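J.: Predicted model, plus sequence, below.
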There are 2 protein chains.
Amino acid sequence: MVRIGLDVMGGDYAPDSVLEGALLAHKAWSGVFQLVLIGQASVIQPFLDANPELAQACDTLFADQVIDMAASPVRALAEKPDSSISKGLDALNAGLIHGFASAGNTGAMLAGSVLKLGSIREDIRPCLLGCLPRPNGSDGIMLDVGAIADTKPETLRDLALLGHVYAQTVMGINQPKIGLLSIGEEPEKGNAVTVAGHKLLAEMSNIHFVGNVEGRDIFSDKADVVVTGGFTGNVVVKLSEKFFEIAQDLNCAELPFFKRLNYETYGGSPILGVNKPAVVGHGISSPAAIQNMIWLTYDIARTGLCERILSALKNE
Amino acid sequence: MVRIGLDVMGGDYAPDSVLEGALLAHKAWSGVFQLVLIGQASVIQPFLDANPELAQACDTLFADQVIDMAASPVRALAEKPDSSISKGLDALNAGLIHGFASAGNTGAMLAGSVLKLGSIREDIRPCLLGCLPRPNGSDGIMLDVGAIADTKPETLRDLALLGHVYAQTVMGINQPKIGLLSIGEEPEKGNAVTVAGHKLLAEMSNIHFVGNVEGRDIFSDKADVVVTGGFTGNVVVKLSEKFFEIAQDLNCAELPFFKRLNYETYGGSPILGVNKPAVVGHGISSPAAIQNMIWLTYDIARTGLCERILSALKNE
């Protein structure tokens, strides 16, 4: 059975929120995959004692140390080999689990995924993928949403391929439409990196490149995959969160589109470009968000995304 | 009386939509300022014949040529000296009008504003300012929203000063809070240009720099002025338009915040960094948008924004 590791110590409301989320996932999908709770024994054991059904179904991997949310990623990984993030990634690399999810320190997850899982190709940096609801009920994706702040044209090409394989493999879109985020539809519109990136994407024979898309196209079906650098992508994702909050304050957050704009819906951002499935959750993750992050991680592990990406890179 | 020039030929729905907008402005603010309708006599004259009150109150400046919405800006300006945009900017430069508004070719307005009005300082490029509604009912601004796709750290410093003076002069905010858009609150977070820009903004003694702001802070009162490059700024503005459209489709566009998210509310984007007040409207401008663009242009002319910017630059 697929085994999904969960960092019990990661997140602003950890461990309570994470443990509650694990319980929700257990109730929803018991028998579909096996949860492995990773964190301090003193935290996990009492919760399992109080929830014997979960205790019976899940596995545990105890980790004494905790990487703080605000800690310097590389230093924290070096100084805390027994942290839940370090041990979770180690277990993933060793094949003891098939996917690892954490709502903890995003920088530590990104740096750790390279250090411990390895880049899928040496010149590819890990990136974060964001899910976008669309008013017609379907989903789109955008990448990168915050890992690669300074983007080169070649980065945009790599992101396009990663997004293409993700959309095919995890979302089941046969021929995903790939759009490049810019500030005009014409190939010559945009900043220098995007204009150069457009040329590279247009040369790719293995993707369905639909050209530039604009801010107004992000939540539309003009493209299934929106490719952009991590700076603008991160701004878009956080701005969208703000719109959800505003909709909530205005009492229209129960409308289908806004409801799906809630970060809880997708639960987390997959790290793409490394050799194994790792997913980062929002720091503020609620139990519902944790539950959905667990499913997302399972979905990526189940579909063999990393193997599919590796194969696509070899055929390039 | 302050004279505001209006490009009758500019916009996807020109001239009808522009003329209807002029009529709305006349009805609302007759006697407050004088409108100068700029465009083809064959278009303007019949409308004035049908609207004698407007005919009596406004002035006209006939221009035989029209710059198409999709025309190459610099070439169009060179080839069409008698276009409404060329003649409008000429009239503004000559002091025959005190502000000029056009919903026409944005590139031609930007290039023309430099060619005909001149940069306010030789190393400053013209930028576009966007208005942002905030859920608390007040307004914020962001710049640049699309003129400067490739930004240098020094550009961000100039944008901060331009936004500071705009917020003081046009919006009446005594000590506007200036935020730098980035992907984390810490000064070292962001892309290289933003991190370097942060240092420059932090050294400015004449502004109230509140540090980095994130995507989720754009529609909040954390900063009155959000400084960012034209690539990301343009994506944010167009994404916000999309959210308004979605809210409209979901029948919640009448809620106060979403209503103000409508591009019509502010009517246009002021061009800052040139010597005279010019405002660019949205291509799709409706009569209501044209009306509000006229007011915005009047407001900028009335308050002496360009002189205030010049003086702030001298005191730097």
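T.: Thanks, I have it. Since the model is a prediction, treat every value here as computed from it, not as a measurement. Numbers count the residues shown, from 1 in each chain, chains lettered A, B, ... in the order given.
J.: Kindly report the residues of the stretch 151-300 of chain A close to chain B.
T.: For the stretch 151-300 of chain A, the contact set with chain B under Cβ under 8 Å from any Cβ of the partner chain comprises A:181-183, A:189-192, A:194, A:214-220, A:228-232, A:234-243, A:245-247, A:249-250, A:252, A:255, A:257-258. In this view, the C-beta of every residue, glycine as well, is placed from N, C-alpha and C.
J.: Tell me if I'm right that A:I44 and A:V36 touch.
T.: No: between A:I44 and A:V36 there is no contact under Cβ atoms under 8 Å: 10.5 Å.
J.: Give me the common contacts of those two.
T.: Residues touching both A:I44 and A:V36 (Cβ atoms under 8 Å, 6 or more residues apart in numbering or on different chains): A:T60.
J.: Would you mind measuring from A:I173 to A:T265?
T.: A:I173 is 18 Å from A:T265, where distance means Cβ to Cβ, to the nearest Å.
J.: now A:E316
T.: A:E316 is 33 Å from A:T265, where distance means Cβ to Cβ.
J.: Ok, A:R75 next?
T.: Going from A:R75 to A:T265 by Cβ to Cβ gives 34 Å.
J.: If you count neighbours, what's buried in stretch A:214-223?
T.: Applying a neighbour-count criterion of 16 or more other Cβ atoms under 10 Å in any protein chain shown, one finds A:E214, A:G215, A:R216, A:D217, A:I218, A:F219, A:S220, A:K222, A:A223 buried in stretch A:214-223.
J.: again with stretch A:40-53
T.: Under 16+ other Cβ under 10 Å, the buried positions of stretch A:40-53 are A:Q40, A:V43, A:I44, A:F47, A:L48, A:N51.
J.: now swap in stretch A:175-194 and tell me
T.: For stretch A:175-194, by 16+ other Cβ under 10 Å, it's A:176-184, A:187, A:189-191, A:193-194.
J.: now that stretch: mean pLDDT?
T.: Across stretch A:175-194, the average pLDDT comes to 96.
J.: can you check stretch A:205-221 too?
T.: In this model, stretch A:205-221 has a mean pLDDT of 96.
J.: Stretch A:6-24 too?
T.: On average, stretch A:6-24 scores 97.
J.: Do it and chain B come into contact?
T.: No: for stretch A:6-24, no contact with chain B is found by Cβ under 8 Å from any Cβ; the gap never falls below 14.7 Å.
J.: mind listing what the residue in the stretch 1-150 of chain A that chain B sits nearest to touches?
T.: Chain B sits closest to A:A149 of the stretch 1-150 of chain A, with a gap of 4.1 Å, by Cβ to the nearest Cβ. Contacts here follow Cβ under 8 Å, 6+ apart; on that basis A:A149 touches A:G229, A:G230, A:F231, A:N234, B:I183, B:K189, B:G190, B:N191, B:A192, B:T194.
J.: how long is stretch A:258-268 from one end to the other?
T.: Taking Cα to Cα, to the nearest Å, the first and last residues of stretch A:258-268 lie 17 Å apart.
J.: Touching that stretch from outside, list them.
T.: Residues from elsewhere that reach stretch A:258-268 (Cβ under 8 Å, 6+ apart): A:101, A:103, A:130-131, A:133, A:240-241, A:243-244, A:247-248, A:252-253, A:279-282, A:284-286, A:288-297, B:250.
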